[in-house]
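Asks: Here's a sequence, model it:
(one chain, ligands or ions: 2)
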Amino acid sequence: MKTLIMGLETSCDETAVAVVEDGCRILSNLVSSQTDLHSRYGGVVPEIASRKHLEMINPLIDEALKEAGLHYQQLSAFAVSHGPGLVGALLVGVSTAKALSYAWEIPLIPVNHLRGHLYANYLTGATVKHPYVGLIASGGHTDLLYSSEEGEITLLGETRDDAAGEAFDKIARSLGLGYPGGPAIDSLAREGDPAAVELPRASLGEEGRFDFSFSGLKTAVLNYKNRVEQKGEEVNLENLAASFQQAVVDMLVDKTIDAVLHKKPASLLLSGGVAANSLLRQQMEERLSRKAPGVFLLCPPVHLCTDNAAMLAAAAHFQYREGAKAPLDLNAIPDLAVSRTS
Ligand code: KG4
Ligand code: ZN
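Replies: Ligands and ions are numbered 1, 2, ... in the order given. Here you go, the predicted structure:
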């Protein structure tokens, strides 16, 4: 029998609801972004995020059912992000999912938001072959992972300071490019020279072989900008954006390809908002086909790299088949680790 899972996502500044059939076919996928609300503050304001989620979640649930052409009684389960994320924001999704699960008598499946990002790759139509190496590069996390079989995910390395998306956002803010910074830098960088400004790439030695660090790069960009301005000169924003982006992409590509060469997987999965970056997608593909031509690269389309609920419903499909079900005392876990399902 087919499974019809409704996903609810409220971990940060996107309220999202989706219905996915059998973990791979999207029937509806609605995302209400709050970026306009937060952009004037230069980042996400948690209290505003929670209030907006509350306002949006019920209409989106109705709309997602309507678009999918379903009655709620046809749903097999609810999938909800219960962590990691902003606690007040997560609680809106978790409380809504619990209430509807109880009222509609539909099982509830908690999904780790980070794992959800990887499952966006299951919505691409391609078959995900294990074992795989996965990169999650988002606004809050930068993780390199290894999955030997379905549901088994171990952490190979992670960022020691800022996440890749956070570095994009902070640099964009300091250059006056607005929030979120990733897309702004991505498009500005197309007009610039990536070799114009010399910037550091952190390698972290053998012990930190699969770990990342972006804070040194961030400081170097800010110092460069200050030095130029102190001389009374104008910063070439295109060149600085292109050089910064190239440094982030080099670090992400180097470490990910090193993990691929080390683990010899069947596939490489990219995910998270930073996987929407055009240079990262292009350079990862080039380097993988040169260094490990037999490894299959999967990368979700741009709209499934950033936060959405379809990815959660896809992840929940596999948990549902294993009989996973959350009790009604399910709580939000703001610091949930990627290695844990709940
Ligand atoms: O995965 P996501 O939507 O939310 C989190 O779970 O954090 O990621 C959001 C992050 C933001 O930091 C945003 O600037 C970054 O992804 N991002 C990008 C691009 N599009 C979004 N970073 C680089 N290039 C992009 N094109
Ligand atoms: Zn996310």
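Asks: Show me which helix runs longest in this protein.
Replies: Selection of the longest helix in the chain by residue count, based on DSSP state H, yields helix 237-263.
Asks: so how far is that one from its chain's centroid?
Replies: Relative to the centre of its chain, helix 237-263 is centred 17 Å away, using CA atoms, centre = their mean, to the nearest Å.
Asks: Flag every buried residue along that helix.
Replies: Using 16 or more other CB atoms under 10 Å as the test for burial, helix 237-263 gives 237, 239-253, 255-260, 263. C-beta coordinates here come from the backbone N, C-alpha and C atoms, glycine included.
Asks: Then stretch 145-159?
Replies: Those would be 145-147, 153, 156-159, for stretch 145-159 by 16+ other CB under 10 Å.
Asks: likewise stretch 46-58?
Replies: 48-54, 56-57.
Asks: Show me those that map onto helices.
Replies: Per DSSP H, the buried residues of stretch 46-58 map to helices at 48-54, 56-57.
Asks: Nearest to ligand 1 among those residues?
Replies: Of all those, Ala49 has the smallest distance to ligand 1: 12.0 Å, by CB to the nearest ligand atom.
Asks: what about the closest one, distance to Glu63?
Replies: As judged by CB to CB, to the nearest Å, Ala49 and Glu63 stand 20 Å apart.
Asks: cool, and Leu336?
Replies: 28 Å.
Asks: who has more neighbours, the two?
Replies: More crowded of Leu336 and Glu63, by other CB atoms under 10 Å: Leu336, with 22 against 15.
Asks: Spatially nearest residue to the more buried one, not counting backbone neighbours?
Replies: Gly83 (3.1 Å; CB to CB, 6 or more residues apart in numbering).
Asks: and that neighbour, backbone torsions?
Replies: phi 160, psi 160 (degrees, to the nearest 10).
Asks: Can you name the residues bridging to it?
Replies: Assessed by DSSP bridges, Gly83 has beta-bridge partners Asn112.
Asks: Next one, pLDDT for it please.
Replies: pLDDT for Gly83: 97.
Asks: which residues does it contact?
Replies: 11, 90, 112-113, 332-336 (CB atoms under 8 Å, 6 or more residues apart in numbering).
Asks: Check Gly181 too.
Replies: 168-173.
Asks: who touches the closest residue to it other than its chain neighbours in this structure?
Replies: Spatial nearest neighbour of Gly181, chain neighbours left out: Ala172 (2.5 Å); criterion: CB to CB, 6+ apart. Ala172 makes contact with 178-182, 184-185, according to CB under 8 Å, 6+ apart.
Asks: What separation is there between the closest residue to Ala97 other than its chain neighbours and Ser32?
Replies: Distances taken as CB to CB, 6+ apart put Val80 closest to Ala97, at 3.8 Å, once the chain neighbours are dropped. Look at Val80 and Ser32: by CB to CB, they are 16 Å apart.
Asks: So which of these two has more stuff around it?
Replies: Neighbours were counted for Val80 and for Ser32 using other CB under 10 Å; Val80 has more, 32 against 17.
Asks: wait, is that one part of a helix?
Replies: No: counting by DSSP: H, G, I helix; E, B strand; the rest coil, one finds Val80 to be strand, located in no helix.
Asks: How about the residues of the stretch 51-200 of the chain by ligand 1?
Replies: Contact residues, the stretch 51-200 of the chain versus ligand 1 (CB under 6 Å from any ligand atom): 138-140, 165, 168-169, 180-183, 186.
Asks: export these to CSV and tack on secondary structure?
Replies: Listed next are these as CSV, based on three-state DSSP:
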residue, secondary structure
Ser138, coil
Gly139, coil
Gly140, coil
Gly165, helix
Phe168, helix
Asp169, helix
Pro180, coil
Gly181, helix
Gly182, helix
Pro183, helix
Asp186, helix
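Asks: filter the residues you listed down to the ones close to ligand 2.
Replies: Counting by CB under 5 Å from the ion, Ser138 from those sit close to ligand 2.
Asks: now for the residues of the stretch 51-200 of the chain next to ligand 1, which pair is the farthest apart?
Replies: Gly140 and Asp186 (18.7 Å; CB to CB).
Asks: closest to ligand 2 among the contacts of Gly83?
Replies: His113 (5.7 Å; CB to the ion).
Asks: Is the closest one in contact with Glu9, as I believe?
Replies: Yes: between His113 and Glu9 there is a contact under CB atoms under 8 Å: 7.5 Å.
Asks: Give me the common contacts of these two.
Replies: In contact with both His113 and Glu9: 81, 312, using CB under 8 Å, 6+ apart.
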